[in-house]
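[1] My questions are about this predicted structure, shown below with the sequence.
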Amino acid sequence: MRVQKSPAPALLSLLPLFAFLITLLSAHPLQAGKNWYGFEEGIARADAEKKPVVIDFYTDWCKWCKVMDEKTFSDPAVESYLFKHFIPIRLNAESNDAVSYRGRQLSYATLTRSFGVRSYPSLAYLDRKGDLLTIIPGYIEKEEYLRILEFMNEELYLQNYDFQTYLESGKKVSRPD
């Protein structure tokens, strides 16, 4: 009589691997909050809707990118304002995946360099015509980020309104509907 071994010990030995994969996938920046757009889809949508763009340049190893996801982008007020007034795009700055931008084929890494991004996280702001306005590097807390989003959405930069003056004015960030 042949005794059949149970597959349970073999499956149990794979549990740490499955736990690691689940942790890795759940920590990925694209998992936070609403689904951000990929680069080409986001640019096309922004062009069609005539909306400004926010590009989050991140890397998988960046601690502050993950903190920004957890504490800033996942905040309901930030998420609501961002998705209502902008086309939010996420871009892995070290990816070699190809993307088409303004008639050129570039890797995400090359595109990141062409935007002048040197640290992570970095947020690029494009106007309604798709032109780069500015890049803000580093972690930003949710309240300050709401102020930045409002400043950019209201196009106060077109009126030569200084952002520091705007911050000091004490103007409250309007909450979305």
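    Received the coordinates, thanks. Keep in mind it's a predicted model, so treat the numbers as computed, not measured.

[2] Three-state assignment for residue 147, please.
    helix (DSSP: H, G, I helix; E, B strand; the rest coil).

[3] Could you tell me how far it is located from residue 154?
    11 Å (C-beta to C-beta, to the nearest Å). Quick note: C-beta positions are derived from backbone N, CA and C, even for glycine.

[4] for residue 93, what are its contacts?
    Shown in contact with residue 93 (C-beta atoms under 8 Å, 6 or more residues apart in numbering): 57-59, 108-109, 112, 117, 120, 122.

[5] Could you tell me which of those count as buried?
    Among the contacts of residue 93, those scoring as buried are 57-59, 108-109, 112, 117, 120, 122 (criterion: 16 or more other C-beta atoms under 10 Å).

[6] Residue 69: how many residues sit nearby?
    21 (other C-beta atoms under 10 Å).

[7] Three-state assignment for it, please.
    Classification of residue 69 by three-state DSSP places it in helix.

[8] ok, and for stretch 80-92, which residues are buried?
    Here stretch 80-92 shows 81-82, 85-92 as buried, counting by 16+ other C-beta under 10 Å.

[9] what pairs with the residue nearest to the spatial centre of the chain across the strands?
    By C-alpha atoms, centre = their mean, the chain has its centre lying nearest to residue 56, at 3.4 Å. Per DSSP bridges, the residues bridged to residue 56 are residue 90, residue 123.

[10] who's in contact with it?
    Contacts of residue 56 (C-beta under 8 Å, 6+ apart): 29, 36, 65, 68, 73, 88-91, 121, 123.

[11] try it again with 7 Å
    With contact set as C-beta atoms under 7 Å, 6 or more residues apart in numbering, residue 56 has these partners: 89-91, 121, 123.

[12] And residue 112, by the same measure?
    Here residue 112 is in contact with 57, 91, 93 (C-beta under 7 Å, 6+ apart).

[13] would residue 166 count as being in a helix?
    Yes - checked against three-state DSSP, residue 166 lies within a helix.

[14] Give the closest residue to it in space, chain neighbours not counted.
    Sequence neighbours aside, residue 151 is the residue nearest to residue 166 in space, at 5.5 Å (criterion: C-beta to C-beta, 6 or more residues apart in numbering).
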